[in-house]
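> What follows is a predicted structure for the sequence shown.
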Amino acid sequence: MVKNERSPPAFRGHALAAQTVETWQKAAVQKHPTLAQAGSPLNVRFLAIVAEKRQSEPAYFSRPDWPMRAADAADAALRAEELAVSEKAKAEEAARLAKMSPEERTGRRTRRVGFSSASSLATTRTRS
């Protein structure tokens, strides 16, 4: 029999139809532990995907592995968001650095000291 990489470990090699939704739910939680935490980002995204699929694609639930597919999709979506946030931060930092002078980028500041005339170096007389 062909191994299904997404199938629960105890059921690899068995027909998909022989597995139950509950088995897939347990396997999804084993693979994605934060899925079981109510309110976690993964849990919230999972529930949103399930609600969206119920409205737009009821046939999605015809296969018992839908919990794993939805959990994997939620995980992939969160990873994509994290990557997008990271890339945006990198781009903003690059833009900020591009606006800076080379001295500002390296943290070195050149200090220019100038005197307007020699008289500014003269000492003042004190009155007696």
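Sure thing, it's come through.
> Check which helix or strand Gly39 maps to.
Following DSSP states H and E, one finds Gly39 outside all helices and strands.
> Toward the C-terminus from the lengthiest helix in the chain, list the very next helix or strand.
Secondary structure of the chain per DSSP state H: the longest helix is helix 66-98. Sequence-wise, the next helix or strand downstream of helix 66-98 (DSSP H and E) is helix 102-106.
> show me where pLDDT drops low in this structure?
1-18, 108-128 (pLDDT under 70).
> go with 50
1-5, 7, 9-11, 13 (pLDDT under 50).
> picking that back up, only the buried residues of the longest helix of the chain, if you could.
Buried residues in helix 66-98, defined by neighbour count with 16 or more other C-beta atoms under 10 Å: 66-72, 74-75, 77-78. Any C-beta I mention is one placed from the backbone N, CA and C, and that applies to glycine too.
> would you turn the residues you listed into TSV with distance to Arg105?
Listed next are these as TSV, based on distance: C-beta to C-beta, whole Å:
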residue	distance to Arg105
Trp66	51
Pro67	50
Met68	48
Arg69	47
Ala70	46
Ala71	44
Asp72	42
Ala74	40
Asp75	37
Ala77	36
Leu78	34
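> Neighbours of Leu42, how many?
Leu42 has 18 neighbouring residues, counting by other C-beta atoms under 10 Å.
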